[in-house]
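I would like the atomic coordinates for the input below:
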Amino acid sequence: MAHTLQNVSFKTVRSTWPRTCGCLTGSVGTIGPQLCHRYTRQQREGADRGELRSQDGGPGVRPLASDPPHEGKSGGSPRDLEDPATRVEDLRCGVDYLTMLDSVDAERIGIVGAAQAGYEVNAGMTEHRIKAVGTVTAVNLGRAFRQADTSSADAVAATLKAVGAQRAAEARGAEQRRDPLLPDTAESAEAIGITDRDMLEAVEFYRTPRGYSERSTNRLLFTSNATILGFGADSMS
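Numbers count the residues shown, from 1 in each chain. Okay, the predicted model is just below:
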């Protein structure tokens with residue numbers, strides 16, 4: 001069955017900026033769509049290739065993969081903001097969009113996440129239009145950030161204090177601070193003593209031609225740390 005990758009940009013009644021996505025289209029009937037979220041949509045594997053098909057050879061699934069809000073071709077200001085509540089709401093908006101498509105069975109919508117898949121888990125707990133949740137790496141980003149700095153028991157408090165100081169400075173006209181999400185090169189990772197295999201492999205993929213996208217800035221707005229540190233993917237537990 002032929003599938004065609006279609007670039008779409010959509011707004012919903014609850015979104016304040018356009019989401020720019022890639023959506024596989026073709027001769028589809030009853031389908032179980034997937035929402036894929038990871039860095040920019042050009043950097044996540046698989047969804048562009050038209051390989052997701054139902055096992056019986058029928059209409060198959062329609063993947064919808066979007067640039068995250070505040071990144072890539074999607075809207076949102078300031079840029080490089082990582083706000084977990086916005087990321088989860090973005091997934092809900094993706095479901096809104098899929099339910100507007102006549103070719104989508106709204107009772108068979110699924111979601112799959114990679115890397116920061118704690119967002120998909122969190123969305124699935126209260127967004128009951130999502131009937132199935134799948135993850136590749138179900139990272140609870142808030143917990144990961146809270147546990148990242150083990151140099152001091154007060155590390156989280158120190159970061160939050162620094163965020164407050166940065167916000168105060170920006171309110172007075174200072175430039176926004178943006179920090180690298182990953183070392184920009186393998187050499188810079190080695191120079192600062194990174195030995196963690198997962199981190200090094202992430203640099204090897206995302207910061208080399210293998211997975212590089214010019215739309216990925218590889219930067220995090222520093223004040224995002226406050227909302228990230230307060231996030232829990234399992235917030236209802």
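
Output the lowest mean pLDDT helix or strand found in this protein.
strand 34-36 (a mean of 38; mean pLDDT, DSSP states H and E).

what does the average pLDDT come to for the helix or strand just after that strand?
Scanning forward in sequence from strand 34-36 by DSSP states H and E, the next helix or strand is strand 63-66. The average pLDDT for strand 63-66 rounds to 79.

For strand 63-66, which helices and strands make contact with it?
strand 19-26, strand 34-36, helix 84-99 (3 or more Cβ pairs under 8 Å, 6 or more residues apart in numbering; DSSP states H and E). Any C-beta I mention is one placed from the backbone N, CA and C, and that applies to glycine too.

Between those, which has the poorest mean confidence score?
Among the helices and strands packed on strand 63-66, strand 34-36 scores lowest, with a mean of 38.

Could I get the full set of strands for the chain?
3-10, 19-26, 34-36, 63-66, 109-113, 130-135, 178-180, 219-221 (DSSP state E).

Stretch 180-199 - what's its average pLDDT?
91.

can you list the residues that contact that stretch?
Residues from elsewhere that reach stretch 180-199, judged by Cβ atoms under 8 Å, 6 or more residues apart in numbering: Leu200, Ala202, Val203, Glu204, Tyr206, Arg207, Thr208, Asn218, Arg219, Leu220.

Now these in JSON lines, please, with extra columns for neighbour count and distance to His70.
Shown next, in JSON lines, are the contacts of stretch 180-199 (neighbours: other Cβ atoms under 10 Å; distance: Cβ to Cβ, whole Å):
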{"residue": "Leu200", "neighbour count": "16", "distance to His70": "27"}
{"residue": "Ala202", "neighbour count": "18", "distance to His70": "20"}
{"residue": "Val203", "neighbour count": "21", "distance to His70": "22"}
{"residue": "Glu204", "neighbour count": "13", "distance to His70": "25"}
{"residue": "Tyr206", "neighbour count": "21", "distance to His70": "17"}
{"residue": "Arg207", "neighbour count": "21", "distance to His70": "20"}
{"residue": "Thr208", "neighbour count": "11", "distance to His70": "24"}
{"residue": "Asn218", "neighbour count": "18", "distance to His70": "14"}
{"residue": "Arg219", "neighbour count": "16", "distance to His70": "11"}
{"residue": "Leu220", "neighbour count": "18", "distance to His70": "10"}
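
Please convert the residues you listed to JSON lines, extending it with distance to Glu71.
Shown next, in JSON lines, are those (distance: Cβ to Cβ, whole Å):
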{"residue": "Leu200", "distance to Glu71": "23"}
{"residue": "Ala202", "distance to Glu71": "16"}
{"residue": "Val203", "distance to Glu71": "18"}
{"residue": "Glu204", "distance to Glu71": "21"}
{"residue": "Tyr206", "distance to Glu71": "13"}
{"residue": "Arg207", "distance to Glu71": "16"}
{"residue": "Thr208", "distance to Glu71": "19"}
{"residue": "Asn218", "distance to Glu71": "10"}
{"residue": "Arg219", "distance to Glu71": "10"}
{"residue": "Leu220", "distance to Glu71": "10"}
